[in-house]
Every structure is written in C-alpha cells, then in structure tokens.
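Q: model this:
(2 chains)
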Amino acid sequence: MTTAAPPLPSVPRGRVKLLAHWEDRLAQGLLLTSCAVLVVFLLAPLAMILVKSTEDKSGAFVGLQLFREYLQNAALRDSAFNTLWVALVVTAVTVPLAFTFAYALTRSCIPWKGGFRLIALTPILSPSMLAAISFIQWFGNQGALKSWLFGNTVYGPIGIIISAVYAIFPHALMIVLTSLLLADGRLYEAAESLGTPRLRKFFTITLPGARYGLVSAAMVVFSYTVSDFGIPKVIGGNFSVLAIDIFKQVIGQQNFNRGAVVSLVLLLPVLLAFIVDWWMQGRQQSQFSARAVPFAPKPSRGFDLAMLTFCIVVSVFILAVLGMAIYTSFIKLWPYDLSFSLRHYIFGLIDGGVIDSYFNSLKMALLTAAIGTTLVFGTAYLLEKTRGMRTMRAFIRLLATIPMAVPGMVLGLGYIFFFNHPDNPLHFLYGGMLILAASTIVHYYTSSHLTAVTALKALDNEFEAVSASLKVPFYKTFFRVTVPVCLPAILDIARYLFINAMVTISAVVFLYSPDTKVASIAIINLDEAGG
Amino acid sequence: MTAPAVSSDEPYLKLSGVTKRFGKFTALSGIALAGLETQDEGTIVQGGRDISRLPAMQRDYGIVFQSYALFPNLTIFANVAYGLVNRRKGQDAIKRRVAELLKLIGLPDAGSKYPGQLSGGQQQRIALARALATSPGLLLLDEPLSALDALERLRLRGEIRALQQRLGVTTVMVTHDQEEALSMADKVVVMNQGRIEQVGTPQQIYRDPASAFVADFVGKVNVLSAVAEGAGRFRVGSLVLQGGIGMEAVAPGTRVKLYLRPEDVLVDGAVQSNPNAAPGKVIKVEFLGAFCLVTVTLVGAEDQPLVVNLSRHSSDEMNLVEGTALQIGLPPDCLRLL
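A: Residues are numbered from 1 along each chain as shown, chains lettered A, B, ... in the order given. Here you go, the predicted structure:
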C-alpha cells in the first residue's frame, strides 16, 4: 500500500485545459465588452491625437513638421515654460500646506478636527473657476483687498497660483491625510522608550512613513495645475499657459492639428508625473501591518496651539474665498452697488439661460454617475473575481490606469478627432449628452477603478469558489453578495463621478453643443462676456 | 485523505498522475479537485466519471475554506440555503433541509443570526453545513481548522470526523497539521512541493515513512549519520549499531542516514538485552507537561545528540537533570534507513 512517488519530469508537459462553461463564456464576453468600451472611448481618441499631430490641415502626413514649428514659435514656447514654473510653484506651496494641515489633524490634540477637515474639503465641491472668480472679487481691479498686492495684478501668474492652490488643496490633503493616518503607534512608543526627541521622531518615523503620500500628492498637484483650464481662463489675463493655447488653437483658430501638437506637449509633463508616482507606489511596502496600533497623539500645549492657529488661518482663507463668491452672488452690482439683491439668481440664472445649463449639468452628472459606476465596478469585479484571458486582463488594467495621466483637454480634443469623423459609426454621439458623460467617465476612470478594486480585494476571494461549488452562477452572487457588501465603495464611486461631472470643464469644453451646454461651461462664457 | 464512500474495489475518487506545481503544496487537492485551477497533467476520476477537464460548475463537490467564506450580508439561514435556492426546491423543503443541517452541526437556533455574530468555530460549522446542504458526493476541506484557536480546533476536529463517518461522504481535507491528519484520516497523502511523497494509513505513514521528508514532517525524528559495515551493521562515530530486518543489503562503506523516533529510544531499565546499547549523558531536559523531551549524547558519538521522549513519570523516577549518566538503547527494529 505504501508507495513512494516516482520522480517527476522537470518541465511540466502541456497544461490540462478546463472545458469552458457557458458561465465563464458570459464573464469573458462581458470583460471583452468592457475592454472594447475602453478602447473606443480612451485609446482610439488618444491615438487620433497622435495621428493628427503628424498631419497638416489638408490631412497630408508631414511627420514632425508641426513639432518643429512649435519649437520655433516663441509664444508657444513661453507658455510651455509658464505652465511648468507655475505648476512647480503651486506644488511647492500646496504640498507643505496640505502636509501641515494633515499633520495637525492626525498628530495634535487640537479641537474641532472634524470641522477643519470639512472646511478644507469644500473646494472639491466647486468648479476650479470659483476660486479664480472669487480672487478677482477680492484682489481684482475693483477688489476689496487690491492694495495687498502692492501694485501687482492678480490677473496673471499670481492669480493662477493662489486659485490653483485653493482648488487643489483638498485633493492633496486627502492623499497626505491617508498616509499619515496609516501610522503605527508602536513605532512611536518604541522611539519614546528610547528617549527620542520630538523632532528626531518626525524625521525618522513620520516623514519616511509619509514620503510616498507626499510624492503622490506632489504629482497630483503638479498634474492638476498643468492641465487645468478653468483657472487660467478666468484669472490668467494675458499670461499664456498650455491649456489655454490648446483652447485658442482649436476654438479660436480652428487649427486642430496644432492643437493636437500642443496637447501632446501638455501630455508630456503629466505623463512624467504619473510615471514618477507609479514608480514610487511600486516601491512602497505596506508599513501598516494587521497588528499595527493606531497612533494616538498626546497633548502638548505649544505645539497644539501652533497647529490650531495654522488650521484656523487656512480655514478662514478657504471660507473667505467661498464666502466672497456667495456674498457677491447676492449683491446688486458688485462692487458699485452693494445692496442686497436676488437679481443674479433671477436674471442671471433664468433669463441668462444658465438654469438650462444647470439642469444639463445635473442630467450629465446623473448619467455619468449611473453609467460610470456600473462600468467601473462591473469591470473591476470581472477583472478581480473571474478567471481566464490573462493577457486581456493585464491590458484592461493598463487601460484603467491611463486616464490618470491624460489631461481632460487632451481627452476632449481626442474625442473631437475620433467621434466627429464622418466615417465613425459612433458619430451620432457627437453633440449629445452621452459623449459628455462618456468623456467625464473616462477622465475620472482611474480613481474610481482603484476604489472599486480596493473594495473588491477586501472581500473574501473564496466567495466565487463557494458559489461555483453550490452551482450558483457568478452573477447571482454578484448581485446578492458582492454588490450589497461593496455598497459603500459603490456609492463613493457614484458620488465622486457625480461631483466631478458637475464641476468638470476641461474635457467637455470641446464637446458641448448649444443643447448640452453644462453649467461649468456657462460660467466660462459669462466670464468671457464680462457678466 | 479519503474515505471510500462505497466499499467496492474501485475507489470513489481516483487521481492518477496528477501534478500541479504550486508554491503551497496544499493547493493541489482543494483547488484542482474543485476545478478552480487545473492540474498540469493527469486525470481525476470521481465516481467513475472523468472530471479532469470539467469546470467547477459541473463538478459534484462541497467546499469549506480556511476563511469560512460565509456571505457576511446574508443570515445563517440564507447562507446555508444558498445552494438550495438555485435548485428550484420548494420553500418548505429548503426550510426543512436547513433546519436539519443546523441541527446536525449543533447550532439549531443560529438561522436568523449573521456570520459576524458567531465565533470562528461556529462560522466554520455553518460553512460545513452550507457545503453539505446540496448533498455533494465529495467534500473538500481546505485547511478548515487553521484559523481557529487551539481548543476550538481540537473540538471541531472530532466533530468533523464524527460527522463525516456518520454521513459517509468521501472527504478530502488539506492540512498543514500532521496531528490533524493522523487523527482524522482513513488515508493520508503526504505531499511536498506539489509531489506526492507517500500514500498510506496514518499508522503506515508514521511507522513506515517512505522518505526522509515524511519521517521529518510527520512527527519528530532523530537522524544519525552512519557508514554501513555490511551484514546489517552500521558505524555511528565509534559505535557499531545493528540494523533491523531488510537492512543487510547495504554495501559496506556506503554513507547512510538512520532515522529513529524519540519515543523508540530506550532508557536505563528498559534497555536490558538490547543489542544496541551504549552509555550516554543527559545534556538538556525540556519539560512539556505530560512528557519530557530529553536530549542525550552517546559515548562514542558525542557529536550526534539524540532526543528521547519520556513520560513525566519515568523522567521523574529517574530524576533526570543535565549531566545525569544513563544507559541508552536503540532497538534495531525501530531504526529506519531512508
């Protein structure tokens, strides 16, 4: 009865392949559909930009001719330089601010932490132009605090920088906050028992622990500033940046090919930031083991007071920006007639047609949230929990990370090239609401995808195996178990897509039609009209 | 380990030439048998049906995982009924079956609770009930006890064994715990890096390990480096030991390893007429409650210490402490050559 195993051949001879069940076929078919959607709505438009950048206006291939022209054009070169230095300054200002704020929220014993956090996150809820508009009201030609600029004008780099810092601050804060929250209290206890002074603890434990978060935040801030269109449009004055150049080339001069070239130039730094971030994330090892003890700060009078002061100053700043926008919306003719009036809400919104734009925004945001959440979560589920087609899975994972590295304007321009092409069977989408929703979903795909994957990874991997053993098809388990358990993450995704769809401007600025004009576009138009 | 469900010559479950290279050797039976992963080669026959290439949905098995994998948003009732609902059975039939299963596993009142409200052991019982609900022909247990604490593990071990014998369902259990394997199985398959090292009853596995890996993995074992001297004799240091029956064939001069279980080593009074007796000295005594592990060296082979397993009574009687001199016997029939 007792038998020893015979020696095995060193290389396995051809794998045994399982027969496919119709259920596997269904999952694979759905995954294939997801892949096709991402190819059509992400890859193809981007490829079209590459193609267009090597063609002249008549469509003839000219190779790198347009890039050469671009480099010879001093004005365009200037805006590339402007874009870079402004983005660097914004990064250098925002990241320390966000880090200090997050540090105060996690490592001090100040009161009202929840309130500070809430205030700091409010800028997410408004379009980036709101900050620019508000700063014009504070510091513009008729601004209340114009003298604070010592004769400098807010229309230009100063305005862009402070507006961008305001708009991007909450995004940076969330990233840094997460990395600081993941601290292991035991490390600090160990350091304390060794008599480590506070400053040394900061440099040997806190900073190394948060460094990936800091790099990530810096890259997000940098990319956001480089690709943002709303802020320089409103407050940039004659100061040219790449995002404005694309807009001018495409909308102003109808020079689509040069627009494609500029958008590729814009893509470059963002792509670079993305790669740096991605590379850093890959090096990051989880410092937060399952046994880690959350850090609990101890009161320290001087330090807490300093942190409290800092948080109050930042909060007042944020509230001042928001407050000015709200305040002036109720003023008859700011800054000349400061009496209270609802005329902007009546004439501005209703008569100005802005109310229609507002409803368009709502409609678009709802579409984005509904379709986007389904697509993102469904795809992530199929990726994580079904089997087969390994190569395609890797390909879809790659596609899902690309949108993070693509500025909205670049995506929007790609959509023009791809969907406005008369031979495209999807041409009917052009000018409709669906294309706005599609571009927004794709633009914000990566973060949503990561949220979904994280939630799905937290689920027991054996659920699908158990279902299969009980002969329950995967989609039943998906609806009965996966969706209910992941509901918080699903709602997170829907909310994220909805909010961003309400305030986004970069991709849709190229794609809206008179019927589908959304509110964020209407703001830009009003601003142009001097309203 | 398998328990034949039907007492015919043909085993209910047959694996022939199945190989699978996994990082974790335990994965073979649990995963490949369930059709969740495929074997590299070979066939799997269940109840006379070749299921080698069938997808999981078309195989007949129930499975229990180390992590329980209970659906957290469903009640215990809904969890157990999960596979039944899909078989278009009537509500009453489902209710009856679930009640029956919950009674079987000793948790008749748990139906309306959620998995999070139960202890680990209770959850694992529920997972067992869910796997058994559809009366599968084969039950797969993938390290079902690993996540439980020591006491609960011991209790559930007995319960699963009793349940399995009562239902007579062929069961394959994957475990890292050799004690679990020995105490629960009718037949043990010892695997090492995806390869079968030995198949046999627990007694065979323990008494007659087929390889050095099995000897070392299942239970403790002493290893002595020796040189064969012919006629079944082996030299260890300056000592010459007599081997057991069947060890005569080793050519003189061959370097070999001799294996001996700690409980097979004889001490003092028990040595008596043993041919392999030698004086020794205690160098360490490890007290483990019911028994002691005593490390000794043999005079003439000081570089190869032996571990001896003694009951608490005998070690107390002999008053063993470090440095105690004693007589050691190595019974020829207990020596193994692997």
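
Q: Let me see the ranges of the helices in chain B.
A: With helices called from DSSP state H, chain B shows them at B:27, B:33, B:76-85, B:91-104, B:120-132, B:150-167, B:178-184, B:202-207, B:212-217, B:312-318.

Q: Just the residues contacting the fifth one, thanks.
A: Applying Cβ atoms under 8 Å, 6 or more residues apart in numbering or on different chains, the external contacts of helix B:120-132 come out as A:466, A:469-470, B:62-65, B:68-70, B:76, B:79-80, B:82-83, B:98, B:101-102, B:104-107, B:110, B:115, B:118, B:139-140, B:144-145, B:147-149, B:152, B:155-156, B:159-160, B:163, B:167, B:169. The way it works is simple: take the backbone N, C-alpha and C, and place the C-beta from them, glycine included.

Q: For ChimeraX, what selects the buried ones among the residues you listed?
A: Here is the ChimeraX selection string for the buried members of the contacts of helix B:120-132, based on 16 or more other Cβ atoms under 10 Å in any protein chain shown:
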select /A:466,469,470 /B:62,63,64,65,68,69,70,76,79,80,82,83,98,101,102,104,105,107,110,115,118,139,140,144,145,147,148,152,156,160,163,169
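
Q: which residues does B:Phe291 contact?
A: Listed by Cβ under 8 Å, 6+ apart, the contact partners of B:Phe291 are B:309-312, B:315.

Q: Now for those: which two are most distant?
A: Taking Cβ to Cβ, the two most distant members of the contacts of B:Phe291 are B:Asn309 and B:Arg312; they sit 11.0 Å apart.

Q: Give the residues shared as contacts by these two.
A: Counting by Cβ under 8 Å, 6+ apart, the residues touching both B:Asn309 and B:Arg312 are B:291-292.

Q: out of those two, which sits in the busier spot?
A: B:Asn309 (18 against 13; other Cβ atoms under 10 Å in any protein chain shown).

Q: these two touch, right, the more buried one and B:Thr295?
A: No - counting by Cβ atoms under 8 Å, B:Asn309 does not reach B:Thr295; the two are 11.0 Å apart.

Q: related to what we said a few turns ago, any idea which of the contacts of B:Phe291 is the one closest to chain A?
A: B:Asn309 (23.8 Å; Cβ to the nearest Cβ).

Q: OK, contacts around the closest one?
A: B:220, B:261-263, B:265, B:291-294.

Q: Which of those sits closest to chain A?
A: Looking across the contacts of B:Asn309 and measuring by Cβ to the nearest Cβ, the closest to chain A is B:Arg261, at 16.7 Å.

Q: Provide a list of residues in contact with the one residue in chain B that gets nearest to chain A.
A: Closest residue of chain B to chain A, Cβ to the nearest Cβ: B:Gly83 (3.0 Å). Shown in contact with B:Gly83 (Cβ under 8 Å, 6+ apart): A:469-472, B:130, B:133-134.

Q: again with A:Leu411
A: Counting by Cβ under 8 Å, 6+ apart, A:Leu411 makes contact with A:42, A:45-46, A:403, A:439, A:442-443, A:506-507.

Q: In strands only, show me the residues you listed.
A: Among the contacts of A:Leu411, DSSP state E puts none in strands.

Q: PyMOL command for the buried members of those residues?
A: PyMOL command restricting the contacts of A:Leu411 to the buried ones, with burial defined by 16+ other Cβ under 10 Å:
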select buried, chain A and resi 42+45+46+403+439+442+443+506+507
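
Q: Which of the contacts of A:Leu411 fall in helices?
A: Per DSSP H, the contacts of A:Leu411 map to helices at A:45-46, A:439, A:442-443.

Q: okay, the residues you listed in JSON lines with pLDDT and distance to A:Ile158 next?
A: Listed next are the ones in helices among the contacts of A:Leu411 as JSON lines, based on pLDDT from 0 to 100; distance: Cβ to Cβ, whole Å:
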{"residue": "A:Pro45", "pLDDT": "93", "distance to A:Ile158": "35"}
{"residue": "A:Leu46", "pLDDT": "92", "distance to A:Ile158": "34"}
{"residue": "A:Ser439", "pLDDT": "94", "distance to A:Ile158": "31"}
{"residue": "A:Val442", "pLDDT": "95", "distance to A:Ile158": "33"}
{"residue": "A:His443", "pLDDT": "93", "distance to A:Ile158": "28"}
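
Q: Nearest to chain B among these?
A: Closest to chain B, out of all of these and judged by Cβ to the nearest Cβ, is A:Val442, at 31.4 Å.

Q: was I right about that closest one contacting A:Ile402?
A: No - the criterion here is Cβ under 8 Å, and A:Val442 misses it with A:Ile402 at 9.1 Å.

Q: how many neighbours does residue 71 have?
A: In the absence of a named chain, this looks at chain A. 14.

Q: Switch to chain B, please.
A: Other residues within reach of B:Phe71, judged by other Cβ under 10 Å, total 23.

Q: Tell me who's in contact with it.
A: A:463, A:480-481, A:485, B:78-79, B:82, B:115.

Q: again, 6 Å this time
A: Counting by Cβ atoms under 6 Å, 6 or more residues apart in numbering or on different chains, B:Phe71 makes contact with A:481, B:79.

Q: And for B:Leu239?
A: Neighbour list for B:Leu239: B:278, B:300-301 [criterion: Cβ under 6 Å, 6+ apart].

Q: Specify which member of the residues you listed is nearest to A:Gln72.
A: When those are compared against A:Gln72 (criterion: Cβ to Cβ), the nearest one is B:Ala301, at 88.9 Å.

Q: how close does the closest residue to the closest one other than its chain neighbours sit to A:Ser53?
A: Of all residues not flanking B:Ala301 in the chain, B:Gly237 sits nearest, at 3.2 Å (Cβ to Cβ, 6 or more residues apart in numbering or on different chains). Computed with Cβ to Cβ, to the nearest Å, the distance linking B:Gly237 and A:Ser53 is 82 Å.

Q: Look at the two and report which has more neighbours.
A: Legend: neighbour count by other Cβ under 10 Å for B:Gly237 and A:Ser53, higher for A:Ser53 (24 against 17).

Q: that's a helix at A:Ile326, yeah?
A: Yes - per DSSP: H, G, I helix; E, B strand; the rest coil, A:Ile326 lies within a helix segment.

Q: what's the distance between it and A:Phe463?
A: 48 Å.

Q: Between the two, tell me which one has more neighbours.
A: When neighbours are counted by other Cβ under 10 Å, A:Ile326 and A:Phe463 differ, and A:Phe463 comes out ahead with 22 against 11.

Q: Checking that one next. Helix, strand or coil?
A: Taking three-state DSSP, the label given to A:Phe463 is helix.

Q: low-scoring pLDDT stretches of the stretch 1-150 of chain A, where are they?
A: Applying pLDDT under 70 to the stretch 1-150 of chain A flags residues A:1-16.

Q: Where does the prediction get shaky in the stretch 401-531 of chain A?
A: A:528-531.

Q: Tell me who's in contact with whatever residue of it ends up closest to chain B.
A: Using Cβ to the nearest Cβ, the closest approach of the stretch 401-531 of chain A to chain B is made by A:Leu470 at 3.0 Å. When contacts are counted by Cβ under 6 Å, 6+ apart, A:Leu470 touches B:82-83.

Q: try it again with 7 Å
A: Going by Cβ atoms under 7 Å, 6 or more residues apart in numbering or on different chains, A:Leu470 touches B:82-83, B:86, B:134.

Q: ok, back up a step: surely the residue nearest to B:Ala301 and B:Val299 touch.
A: No - counting by Cβ atoms under 7 Å, B:Gly237 does not reach B:Val299; the two are 9.1 Å apart.

Q: buried sites along whatever helix or strand A:Ile275 lives in?
A: Assigned by DSSP states H and E, A:Ile275 falls within helix A:256-283. Neighbour-count burial for helix A:256-283, counted by 16+ other Cβ under 10 Å, picks out A:256-267, A:269-271, A:273-274, A:277, A:280.
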